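Q: This is a predicted model, with the sequence first.
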Amino acid sequence: MSTKRDYYDILGVDKKATTKDIKSAYRKMALKYHPDKNKASDAEEKFKEINEAYQVLSDSEKKKAYDQFGHAAFDPTSGAGRNPFSGASRQGPSTWSYSSSSGGQNPFGNTDFGDPFEIFETFFGGGFSRQGGGFRSRRRYSLAIDFMEAINGVEKEFEIEGKKHKIKVPAGANDGTRIRFKDFDISVEVRTHKKFKRDGYDVFVDQEIGFAMAALGGKIEVPTLNGQLKLKVRPGTQSHTLIRLRGEGVRHIRGRGKGDLYVRLIVKVPEKLGKEEKNLLEQLQALAE
């Protein structure tokens, strides 16, 4: 037991840390070292170590015994660890329950996870499963789709190891959206669009307008995800003004509603002016002074 690291050091807290502090430290460390996100060779071992530390320090009775006896409290060969937690079937990294009546609450809210890797399946869509005490990496494949296919949803057929599969990509899918099959995951890669730029469920598009239009105002047509739309330009519009069109963005992949479309008006200043145009602008400038 002497080779084990101190549980407080593992989570980066001191002995005076509150349950809230311990939970917060665990969440941060677990997300950092989860093998699905951290590809370092020792990430898996550190992740087990972090969970082992949390299982003890988040439970008031276990924490009390650890503070008194150290790791010996959980050593079956040591008298110090005899029967302080008879309700648990196993100790260490293989004990995953968060249902302790003492204080081992689920650090990710009220969801009842039986295994901490289920936590990360909820957040990240999986990637690792626990079988026989070890870890089995799930196979992953990527599927590239066009921007508008992601906006509207699309059904694709693909082949893996000679077997054909069909996948239904839901409307609103984004770059990195993961779709789970029984034995593998598909990560969606969305190609860029020449006009639209996406930020979550909102979409941005640049629209050039002439100097006269910006000064005098008027009506223009702007592209949206559903076709052209007439838009009113107010007199005196400045370059890079953003106009928000509510509900013209991307459909929420889960639930109702859509994001917004933002039209950025870019005032185009002519690089070269004809003689007549130059004279008119000079007259305008003189009137403004």
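A: That came through fine. Numbering: from 1, shown residues only.
Q: drop to CA atoms for contacts and neighbour counts, all remaining ones
A: Noted.
Q: in the helix or strand harbouring Glu49, what's buried?
A: Using DSSP states H and E, Glu49 falls within helix 43-57. For helix 43-57, a neighbour-count test (16 or more other C-alpha atoms under 10 Å) marks 43-44, 46-57 as buried.
Q: remind me which residues of this structure are low pLDDT?
A: Across the chain, the ranges flagged by pLDDT under 70 are 1-3, 75-137, 288-289.
Q: quick one, helices of it?
A: Using DSSP state H, the helices found in the chain span residues 7-11, 19-33, 43-57, 60-69, 116-124, 147-152, 211-216, 275-288.
Q: Distance to Glu248 for those - can I get that in a markdown table?
A: As requested, those are arranged in a markdown table below (distance: least, C-alpha to C-alpha, whole Å):
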| stretch | distance to Glu248 |
| --- | --- |
| helix 7-11 | 45 |
| helix 19-33 | 35 |
| helix 43-57 | 43 |
| helix 60-69 | 51 |
| helix 116-124 | 28 |
| helix 147-152 | 11 |
| helix 211-216 | 24 |
| helix 275-288 | 37 |
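Q: Tell me which of the ones you listed approaches Arg251 most closely.
A: helix 147-152 (7.2 Å; C-alpha to C-alpha).
Q: Export the closest one to PDB, keeping only CA atoms.
A: Extracted in PDB, the C-alpha atoms of helix 147-152 (Å, rounded to 0.1, in the frame of the first residue of the first chain):
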ATOM      1  CA  PHE A 147     -23.200  21.900 -45.100                       C
ATOM      2  CA  MET A 148     -26.800  21.900 -46.300                       C
ATOM      3  CA  GLU A 149     -27.100  18.200 -45.700                       C
ATOM      4  CA  ALA A 150     -26.300  18.900 -42.100                       C
ATOM      5  CA  ILE A 151     -28.800  21.700 -41.900                       C
ATOM      6  CA  ASN A 152     -31.700  19.700 -43.400                       C
END
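Q: check contacts around the nearest residue to Asp260 once chain neighbours are set aside.
A: Nearest non-adjacent residue to Asp260, counting by C-alpha to C-alpha, 6 or more residues apart in numbering: Gly249, 4.1 Å away. The contact partners of Gly249, by C-alpha atoms under 8 Å, 6 or more residues apart in numbering, come to Tyr201, Asp202, Val203, Leu225, Lys258, Gly259, Asp260, Leu261.
Q: how far away is Asn38 from Gly176?
A: Distance, Asn38 to Gly176, by C-alpha to C-alpha, to the nearest Å: 17 Å.
Q: repeat for Tyr8
A: Distance from Tyr8 to Gly176, by C-alpha to C-alpha: 35 Å.
Q: can you check Thr224 too?
A: 24 Å.
Q: Likewise for Lys64?
A: Distance, Lys64 to Gly176, using C-alpha to C-alpha: 43 Å.
Q: May I ask you to confirm that Ala173 is in contact with Met148?
A: No. Applying C-alpha atoms under 8 Å as the test, Ala173 and Met148 come out as separate, 10.1 Å apart.
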